[in-house]
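Undergrad: Fold the following for me, if possible:
(2 chains)
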Amino acid sequence: MSRPPGRIRLYSLILLSFFVIPALLAPWIAPHDIGQMDLIRQLETPSFDHWMGLDENGSDIFSRLLAGARISLYVGFWVIGISTVIGVSLGLLSGYFGGWLDIVLMRIVDVLLAFPGLLLAIALVAVLGPDINNVILALSALGWVAYARLVRGQVLSVREEEYVLAARTSGMPSWRVMFLHLLPNILPPVIVQTTFSLAGTIISESSLSFLGLGAPPGTPSWGAMLSEGRYVLWEAPHVSVFPGLAILFVVMIFNLLGDALRDYFDPKS
Amino acid sequence: MGNFLLRRLLLLIPVLWGVATLVFLLLHFIPGDPIDLMLGDSALGTDRETLRDQLGLNDPLIIQYIRYFGDLLQGDWGTSLFSKKPVFEEIMERVPATMELMFGAMVVTILVAMPLGLIAAVKKGTWIDQGSMIFSLLGVSIPNFWLGPMLILLFSIHFDLLPVNERGGLEHLILPALTLGTSLASILARITRSSVVETLQAEYIRTARSKGISELRILLRHALRNALIPIVTVIGLQIGVLLSGAIITESIFDWPGLGNLLISAINSRNYPLVQGCVLFIAGSYVMVNLLIDLLYAYLDPRIRLS
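TA: Model prediction:
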């Protein structure tokens, strides 16, 4: 842990001030009502009153972007929450106890990893129907796998360490060994994974919405806004430009934060 | 090598079985009646019964499962609901377009990433290095469903240089291939850079230099060649990203491939076709991974002995 965490503070501050706080405060700080439509002024270019212009319904793009940040944050929070709880617990159990539990779990992981990228999420949302909560379910159904594999591998590497053996021989119950001794020691890579997963989840949610499988029509999700924007790309490129820049910006900062955290926790890499 | 091949093939069976079972369960545990989903609530009772019979949904689940597996093994993937064509046939018609797109993306990736990573490694620490790494960060973070429309905006609408939509000659492939290949190129540029930086410090490079071999020759014949193993590994690992990215890219450019078929099957609730597409994409992904594993084992004998 040699490098001072200056970069980590910087990126966290940027994320808080440009993504998390605006997303949380969106209903109060949005300059216009996102439901307000003005069909006469549809596709109007950016102006002083509407910083990012108006979309095909004549709604304010900046206000919708803020509402979209809220959706991204909501989906990201739930998917990462569910994935870490399930993945970390299963990884701990699998790595600590080994045996048939480990074998069964790793075969399930193999099967889930046989679906490239978003394919399983697409299939799940296709049968469950386009809805934000279904998106959370679909992305979590796949999201836990990365954590389970990571934690299992980490547990295998520290399981035979002396402090773990000492705890076990002193008669400590297994769950205490796992949660009080193993977990704190394998936390750094989990934190790094979480940061990259947040970036990935934001892209996945937007991808599903872009394909029409995420947020229902009319919801101001960034992906859905981009999807609507491509039909007016010729006459009103600003409808597509801003939501895309928002995704790019947030994902890039999350990636930078992940890199910084990895360097901090593991200077060798 | 024969033993290794056999072991890998045996390991493949449970995975493929799991994939097929998961796809089966997915479409049989749909909340509500699948017939409602396919035909809508207002369909006639007789139509519903005909379709139910046609899909065998009246039988117990276990019978449906056994029949599904038997059919799959005999190459019968079901019938597409609207075109009434065999699902497998409909899928195979779309495979060449997706392969063309993925091949194009791969070419873009290699043409961009290799030189970029190589130059960054040689000019380590300079602005060229930093510039290429900023490109790499942007490329990883940029969503392809935004990059695609922006490329169309720039090259088709603004400069009127390249056509959009429809598959055709090489000029039709450029934008979709760029869209799909950019993120992989960024990852690969990073890996190439760090891999070449590492090999350039090796003893045999110093030996080559002391023998007076030209710097370019050292770079291409000695450094790049040895740096190739991690590069090939990453290409192999990222095939899945390419496959799933193809679904979105095809949707942006209306490219008549598998991804487009899957999305239109979902939108028209053509579940036998959805099932077939998911199964085919996952199955081919598993197969490609197997091929890559075999390639490594061939290239690096240590792998097949472990």
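Undergrad: just to confirm, which helix or strand has the nearest residue to residue A:142 once chain neighbours are set aside in it?
TA: Among residues not flanking residue A:142 along the chain, residue A:120 sits closest, at 5.5 Å (CB to CB, 6 or more residues apart in numbering or on different chains). (C-beta placed from N, C-alpha, C; glycine too.) Residue A:120 belongs to helix A:119-128 when assigned by DSSP states H and E.
Undergrad: So which elements touch that helix?
TA: In terms of contacts (3 or more CB pairs under 8 Å, 6 or more residues apart in numbering or on different chains; DSSP states H and E), helix A:119-128 is packed against helix A:132-158, helix A:183-210, helix B:2-28, helix B:239-253, helix B:258-267, helix B:271-299.
Undergrad: Let's see that with 10 Å instead.
TA: Applying 3 or more CB pairs under 10 Å, 6 or more residues apart in numbering or on different chains; DSSP states H and E, one finds that helix A:119-128 contacts helix A:99-113, helix A:132-158, helix A:183-210, helix B:2-28, helix B:34-39, helix B:239-253, helix B:258-267, helix B:271-299.
Undergrad: nearest to residue A:19, of those?
TA: Residue A:19 sits nearest to helix A:183-210 of all those, at 9.4 Å, using CB to CB.
Undergrad: Domain boundaries for chain B, per the record?
TA: Domain assignment of chain B by the TED database yields the ranges B:1-83, B:88-299.
Undergrad: show me the contacts for the closest residue to residue B:269 other than its chain neighbours.
TA: Distance criterion CB to CB, 6+ apart; nearest residue to residue B:269, sequence neighbours excluded, is residue B:38 at 4.9 Å. Neighbouring residues of residue B:38 by CB atoms under 10 Å, 6 or more residues apart in numbering or on different chains: B:30, B:48, B:51-52, B:55, B:81, B:268-272.
Undergrad: how about the residues you listed in CSV, adding pLDDT and neighbour count?
TA: CSV is the format used below for the contacts of residue B:38 (pLDDT from 0 to 100; neighbours: other CB atoms under 10 Å in any protein chain shown):
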residue, pLDDT, neighbour count
B:30, 68, 16
B:48, 79, 16
B:51, 77, 16
B:52, 77, 16
B:55, 74, 19
B:81, 81, 19
B:268, 84, 14
B:269, 81, 18
B:270, 85, 22
B:271, 84, 22
B:272, 87, 20
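Undergrad: Farthest-apart pair in those, please.
TA: Greatest spatial distance among the contacts of residue B:38 (CB to CB): B:52 and B:268, at 18.6 Å.
Undergrad: on that earlier part again, send me the helix holding residue A:120 as PDB with only the CA atoms.
TA: Taking C-alpha atoms only, helix A:119-128 is exported to PDB below (Å, rounded to 0.1, in the frame of the first residue of the first chain):
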ATOM      1  CA  LEU A 119     -26.800 -13.200 -23.800                       C
ATOM      2  CA  LEU A 120     -28.300 -14.800 -20.600                       C
ATOM      3  CA  ALA A 121     -29.600 -11.400 -19.400                       C
ATOM      4  CA  ILE A 122     -31.200 -10.800 -22.800                       C
ATOM      5  CA  ALA A 123     -32.800 -14.200 -22.700                       C
ATOM      6  CA  LEU A 124     -34.000 -13.700 -19.100                       C
ATOM      7  CA  VAL A 125     -35.500 -10.300 -19.700                       C
ATOM      8  CA  ALA A 126     -37.000 -11.600 -22.900                       C
ATOM      9  CA  VAL A 127     -39.200 -14.100 -20.900                       C
ATOM     10  CA  LEU A 128     -39.700 -11.900 -17.900                       C
END
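Undergrad: The residue of the stretch 151-269 of chain A at minimum distance from chain B is in what secondary structure piece?
TA: Taking CB to the nearest CB as the measure, the stretch 151-269 of chain A has residue A:244 as its residue closest to chain B, at 3.3 Å. Residue A:244 belongs to helix A:238-265 when assigned by DSSP H and E.
Undergrad: residue of the stretch 101-250 of chain B with the smallest distance to chain A?
TA: residue B:244 (2.6 Å).
Undergrad: Correct me if wrong: that residue contacts residue B:251.
TA: No - using CB atoms under 10 Å, residue B:244 is not in contact with residue B:251, being 11.8 Å away.
Undergrad: Report how many residues lie close to residue 62.
TA: Since you didn't name a chain, this refers to chain A. Per other CB atoms under 10 Å in any protein chain shown, the neighbour tally for residue A:62 reads 18.
Undergrad: other chain: chain B
TA: Using other CB under 10 Å, residue B:62 is surrounded by 8 other residues.
Undergrad: List the neighbours of the helix or strand where it lies that are in contact with it.
TA: Using DSSP H and E, the element containing residue B:62 is helix B:61-73. Residues from elsewhere that reach helix B:61-73 (CB under 10 Å, 6+ apart): B:16-17, B:20-21, B:23-25, B:27-29, B:55-60, B:76-78, B:88, B:275-276, B:279, B:283.
Undergrad: These: which ones sit near chain A?
TA: B:16-17, B:20-21, B:23, B:27-29, B:275, B:279, B:283 (CB under 10 Å from any CB of the partner chain).
Undergrad: Kindly report the residues of the stretch 151-269 of chain A close to chain B.
TA: Near chain B, when you scan the stretch 151-269 of chain A using CB under 10 Å from any CB, you find A:199, A:202-204, A:206-213, A:222-223, A:226-227, A:229-230, A:233-235, A:237, A:239-241, A:243-256, A:259.
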